[in-house]
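[1] I'll drop the sequence and a predicted model, then ask my questions.
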Amino acid sequence: MSQNHHQVLIVGGGTAGLTVAAHLCAAPQPPQVTLIEPSKTHYYQPIWTLVGGGVFPKEISARPQADYIPNGADWIQDHVDGFDPANNAVKLRGGQTLTYDVLIVAAGIQLDWHKIKGLKGNMGKHGICSNYSYESVESTWQNIEAFKGGRAVFTYPSTPIKCAGAPQKIMWLAEHHFERTGIRDKAEVVYASATGGIFGVQRYARSLQKLAQERDIKAHYRHNLIEVRPEGREAIFENLDGGPNLTLKYDMLHVTPPMSAPDFIKSSPLANDAGWVDVHKHTTQHNAHPNVFSLGDCSSLPCSKTGAAIRKQAPVTAANVLSFLSKHPLKGSYDGYASCPLVTGYGRLILAEFVYGGVPAETFPFDQSQERYSMYAMKAHGLPSMYWHGMLRGRV
């Protein structure tokens, strides 16, 4: 086998790439696996909600990438610049062209900060913050802690995003902090979302809407943040129903940026019209190129883009890749499972679990649509341990 040819080539060493690599390397007869990932550090991003809420330091989310490359896998530390599926080839930024028997694309999602006018250079300044990057997450707690009253605005963009519950999780934590520090009566908490409602699955939306009423959350749905005017502390929202733009003065603004598939995927033959890797929603196999698979945030799988979804996608993808290599029918089937631990305050959490069609698929023998401390403790302490020691090792 040529040094540039690989049996299974995985693009991306985030949650999806590492997890599917771990499952493949743990197979009774593992294939030769090569993973392409430029980063030296791996981040457990779900904990950033609690970092932004002042519960943990951000360093708790970061570990060396090298520690999680599965035994038996090779690691190429480079960026991918393009795909040539007709020739089973991937081009690297460093100049190499690699070929493969099977390609797995798990390159995550791109944060498009630049699409919000006026945002560049102002993160962490003028009351603007975001949990959505390692560099900016500390600014959220700094703003929450410094807030003494006024209007706190929390946004949700008009694009698919990773962890659709995260934009409101930090809102609930901030609101609870304002209550605990005795300034809630001086604070107007606003949820400005491009979505049509507070959550996409009605079982949980009902509970969240009730909480919003009880806690006096002001909501502007179908409004998408398009511009910030930092000096005047103004946020400009496009009305997605065709009405006039909405201008909100703010004292604190938590921004969830627009997101999309990475540019090198959008411009490739693997992408569908929306830019995502075009795969079958149950098998994760590409719809035009049978030896290509994709999972995680960059895929077209019509589910929530969460780590919990990847936990179910990875063993299915690994099983189907092994079947493809051995020329057997693909039997693995992903049902669209996703989970969203909806933090609703310190020590409070609603655990949303559902499959395709927004059908609830709950794990525990109690009503998960109600706030519980036990689920918050699982989010803060149980899930990180399961992630580092179980999921990334291919054990759960």
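    Here it is on my side, so go on.
[2] right, and Ala86 touches Ser268 too?
    No - counting by CB atoms under 8 Å, Ala86 does not reach Ser268; the two are 11.4 Å apart. Where you see a C-beta, it was placed from the backbone N, CA and C, and this is true even at glycine.
[3] Show me which of these two is the more surrounded one.
    Ser268 (20 against 8; other CB atoms under 10 Å).
[4] tell me what the lengthiest helix in the chain is packed against?
    Ranked by residue count under DSSP state H, the longest helix found in the chain is helix 307-325. Secondary-structure packing of helix 307-325 (3 or more CB pairs under 8 Å, 6 or more residues apart in numbering; DSSP states H and E): strand 5-11, helix 15-25, strand 97-105, strand 292-294, strand 338-345.
[5] Out of the ones you listed, which is closest to Lys305?
    strand 338-345 (8.2 Å; CB to CB).
[6] Next SSE downstream of the closest one?
    Once strand 338-345 ends, the next helix or strand along the chain (criterion: DSSP states H and E) is strand 348-355.
[7] quick check: angle from that following strand to strand 338-345?
    Angle of strand 348-355 versus strand 338-345, following axes from the mean of the first three to the mean of the last three CA atoms, to 10 degrees, is 170 degrees.
[8] and strand 348-355, what does it pack onto?
    Counting contacts by 3+ CB pairs under 8 Å, 6+ apart, strand 348-355 packs against helix 202-214, strand 338-345, strand 359-360, helix 373-377.
[9] If we go by neighbour counts, what in the longest one is buried?
    With burial defined by 16 or more other CB atoms under 10 Å, the residues of helix 202-214 counted as buried are Arg203, Tyr204, Ala205, Ser207, Leu208, Gln209, Leu211, Ala212.
[10] Touching, the fifth one and Ile198? I think so.
    Yes - using CB under 8 Å, Leu208 makes contact with Ile198 at a distance of 4.7 Å.
[11] what residues do those two have in common as contacts?
    Shared contacts of Leu208 and Ile198 (CB atoms under 8 Å, 6 or more residues apart in numbering): Gln168.
[12] How about the residue nearest the centre of the chain: which residues does it bridge to?
    Centroid check for the chain by CA atoms, centre = their mean gives Lys162 as the closest residue, at 2.5 Å. For Lys162, the beta-bridge partners under DSSP bridges are Lys305.
[13] for it, what are its contacts?
    Gln45, Gly108, Ile109, Met259, Asp297, Lys305, Thr306.
[14] what about the longest helix of the chain, distance to the chain center?
    18 Å (CA atoms, centre = their mean, to the nearest Å).
[15] then that helix to CSV, C-alphas only?
    Provided in CSV are the C-alpha atoms of helix 307-325 (Å, rounded to 0.1, in the frame of the first residue of the first chain):
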residue,chain,number,x,y,z
GLY,A,307,-22.6,15.2,20.8
ALA,A,308,-25.4,12.9,21.9
ALA,A,309,-26.4,12.5,18.3
ILE,A,310,-22.8,11.6,17.4
ARG,A,311,-22.7,9.0,20.1
LYS,A,312,-25.4,7.1,18.2
GLN,A,313,-24.2,7.9,14.7
ALA,A,314,-20.6,6.7,15.3
PRO,A,315,-21.3,3.0,15.9
VAL,A,316,-23.7,2.9,13.0
THR,A,317,-21.2,4.5,10.7
ALA,A,318,-18.4,2.3,11.9
ALA,A,319,-20.5,-0.9,11.4
ASN,A,320,-21.6,0.2,7.9
VAL,A,321,-18.0,1.1,6.9
LEU,A,322,-16.9,-2.4,8.0
SER,A,323,-19.7,-3.9,6.0
PHE,A,324,-18.8,-1.9,3.0
LEU,A,325,-15.2,-3.0,3.2
